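S.K.: Have a look at this prediction, sequence included:
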Amino acid sequence: METSLNRCLEATGANFGRASARFGPWAGAEERAEEEAAAPVYRSAKPPSSDMPRLTRGFSVHVPWLGRISGGTSAQKRLQTLAVFSFSLYGLLPLIAISWFVVLLCLINPLTLPFILGYLYFVFVADKAPTAGSRAPFLRQLTTWWHAYCDYFPMLLVKTAEYVLGYHPHGIISVGAFGAFATDGARTLSLVASGAQPREGRGFSSLFPGIERRLVTLPINFTVPFGREYILSMGACTSDKATFRSVLGRGSGSAVVVVVGGAEESTMVTPGQIDLVLERRKGFVREAIMAGASLVPVLAFGENDLYAVFHTDDTHPIARLQRVVRRHFGVALPLFRGRSMFITEFGLMPNRKPIAIVVGGPLAPPPLDDARRAAFRPKWGPDDAPSNDDARMVDAMHTEYVDALSALYEAHKEQPWNLAGINRQGTFRVLK
């Protein structure tokens, strides 16, 4: 048992005896090398001026105001950084801008106008893949690329039982949800048989064979021409209820992964703390009951640690702007700071910190016959009090789900493989 656990910790890059203060106990030899590379190596009798860059070992330089600029310490780490860069806001925002720019160019060119009009009709009218989940997720097969993506943090997917999956917390851009459920790159750990058993296989497919999962996201993400084809090819779908009914209607072997807290929760991110928007989020419970699908709580330790977040008072103009944007567009504008591909002190990429994603046991829904399912219409009053028996059924399962999520946190927050949990600064709270 002890030997197998040590092998698992080595596989995820954990190092307890020689922990770096900057990177935490998860830091491995390469992280320590980066830390050591930041030390100045001047040997001149005259100290360098504070206004000039400090040259360092390992292709690293310290620049005033910018912090450390590093080219990485190995080809493997450079590949990991490049993989995360491609699916960070550095990659996604230019993709959106370029996509619309290409559309505009095609619209003003008579030769390409018929083709782009046909494509736009396909995107906004004819294509049912975002709700039907019918697009083959062939980009998941880029195993080397997604292994590098998940090893950047590193990311660990933990199975605790044999299963709609609810992912918590949202974080800034749900990095853990993407890595664990849209790719098969995360290292895996099974607690089902006899304690922590490290596994050779990677990703969700190796832990849950035979389960076809679809990660759902905001419908607005599927309105970007060309860019939408990318996320569709990762197996993503819209968060509309039509998606739940289409995917779950296929019967056993299908799963929907939903990031429950949404845009509102992303504005509440605090490193070291798990604060959830869950109290009134009951739509996913309703859809699970209607489909007869088990609910599976999923808790990501470390998701909120990937960015430094700046919070403002509720009366601040920035906070009011965030609420307006969230109300009208369904997206949030949190103020955050990460890192860049070479600059480690600020940027739009997530920081290199561990994520442990724990998948709990399934919660079976109350059985419904066909007649009851067809007439299932839960209703709540203005104070969120249930107005009929259907709503009371949803509330009961929602309470069971929240309790299971809290129990998942308590059971695994101090596990030796959970470095993000061990290093937490706060606790688990359902605030809204």
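M.R.: Received the coordinates, thanks. Numbers count the residues shown, from 1 in each chain.
S.K.: drop to CA atoms for contacts and neighbour counts, all remaining ones
M.R.: Noted.
S.K.: count of neighbours near Asp184?
M.R.: Neighbourhood size, Asp184 [other CA atoms under 10 Å]: 24.
S.K.: How about Gly118?
M.R.: With other CA under 10 Å as criterion, Gly118 counts 11.
S.K.: now swap in the one 10 residues further on and tell me
M.R.: Counted by other CA under 10 Å, the residues lying close to Lys128 total 15.
S.K.: which one is it nearest to, not counting chain neighbours?
M.R.: Ser134 (7.9 Å; CA to CA, 6 or more residues apart in numbering).
S.K.: That neighbour and Arg281: what is the separation?
M.R.: Separation of Ser134 from Arg281 (CA to CA, to the nearest Å): 27 Å.
S.K.: quick one: which of those two has more around it?
M.R.: Legend: neighbour count by other CA under 10 Å for Ser134 and Arg281, higher for Ser134 (17 against 14).
S.K.: So what does the residue nearest to Lys128 have for phi and psi?
M.R.: Note on Ser134: backbone dihedrals following degrees, to the nearest 10 are phi -100, psi -10.
S.K.: try Pro354
M.R.: The phi and psi values for Pro354, taken as degrees, to the nearest 10, are phi -70, psi 150.
S.K.: my read: it touches Asp151, true?
M.R.: No. Counting by CA atoms under 8 Å, Pro354 stays clear of Asp151, with 9.0 Å between them.
S.K.: who has more neighbours, those two?
M.R.: Using other CA under 10 Å, the more surrounded residue of Pro354 and Asp151 is Pro354, with 31 against 25.
S.K.: Next up, the contacts around that one.
M.R.: Neighbour list for Pro354: Trp26, Phe153, Pro154, Met155, Leu156, Gly302, Leu419, Ala420 [criterion: CA atoms under 8 Å, 6 or more residues apart in numbering].
S.K.: Considering those residues, which member attains the minimum pLDDT?
M.R.: Within those, Trp26 has the lowest pLDDT, namely 34.
S.K.: what ranges do the strands span in the stretch 1-150 of the chain?
M.R.: Per DSSP state E, counting those that start in this stretch, the stretch 1-150 of the chain carries strands over the ranges 54-56, 60-63, 67-70.
S.K.: Among the ones you listed, show the one with the smallest mean pLDDT.
M.R.: Lowest mean pLDDT of the strands of the stretch 1-150 of the chain: strand 54-56, a mean of 37.
S.K.: Residue ranges in the stretch 201-350 of the chain under the pLDDT threshold?
M.R.: 330 (pLDDT under 70).
S.K.: Mind jotting down where the strands sit in it?
M.R.: Taking DSSP E, counting those that start in this stretch as the criterion, the stretch 201-350 of the chain contains strands spanning 212-217, 236-238, 254-259, 274-276, 296-301, 308-310, 335-337.
S.K.: what about the ones you listed, which gets the closest to Ala129?
M.R.: Comparing the strands of the stretch 201-350 of the chain against Ala129 with CA to CA, the closest turns out to be strand 236-238 (7.4 Å).
S.K.: ok, how many other residues are close to Asp390?
M.R.: Asp390, neighbours per other CA under 10 Å, totals 19.
S.K.: host element of it?
M.R.: Asp390 is located in helix 389-412, with elements delineated by DSSP states H and E.
S.K.: what packs against that helix?
M.R.: helix 283-291, strand 296-301 (3 or more CA pairs under 8 Å, 6 or more residues apart in numbering; DSSP states H and E).
S.K.: Measure how far it is from the centre of its chain, please.
M.R.: 22 Å (CA atoms, centre = their mean, to the nearest Å).
S.K.: Tabulate the CA atom coordinates of it in PDB.
M.R.: What follows is helix 389-412 as a C-alpha-only set of coordinates in PDB (Å, rounded to 0.1, in the frame of the first residue of the first chain):
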ATOM      1  CA  ASP A 389     -44.500  17.500  -4.900                       C
ATOM      2  CA  ASP A 390     -42.200  17.500  -8.000                       C
ATOM      3  CA  ALA A 391     -40.300  20.500  -6.500                       C
ATOM      4  CA  ARG A 392     -40.100  18.800  -3.100                       C
ATOM      5  CA  MET A 393     -38.600  15.700  -4.900                       C
ATOM      6  CA  VAL A 394     -36.000  17.900  -6.600                       C
ATOM      7  CA  ASP A 395     -35.200  19.700  -3.300                       C
ATOM      8  CA  ALA A 396     -34.700  16.400  -1.400                       C
ATOM      9  CA  MET A 397     -32.200  15.100  -4.000                       C
ATOM     10  CA  HIS A 398     -30.500  18.500  -4.200                       C
ATOM     11  CA  THR A 399     -30.000  18.400  -0.400                       C
ATOM     12  CA  GLU A 400     -28.600  14.900  -0.700                       C
ATOM     13  CA  TYR A 401     -26.200  16.100  -3.400                       C
ATOM     14  CA  VAL A 402     -24.900  19.100  -1.400                       C
ATOM     15  CA  ASP A 403     -24.400  16.800   1.600                       C
ATOM     16  CA  ALA A 404     -22.400  14.300  -0.500                       C
ATOM     17  CA  LEU A 405     -20.300  17.100  -1.900                       C
ATOM     18  CA  SER A 406     -19.500  18.300   1.600                       C
ATOM     19  CA  ALA A 407     -18.700  14.800   2.700                       C
ATOM     20  CA  LEU A 408     -16.400  14.400  -0.400                       C
ATOM     21  CA  TYR A 409     -14.500  17.500   0.800                       C
ATOM     22  CA  GLU A 410     -14.100  16.300   4.300                       C
ATOM     23  CA  ALA A 411     -13.000  12.800   3.300                       C
ATOM     24  CA  HIS A 412     -10.300  13.800   0.900                       C
END
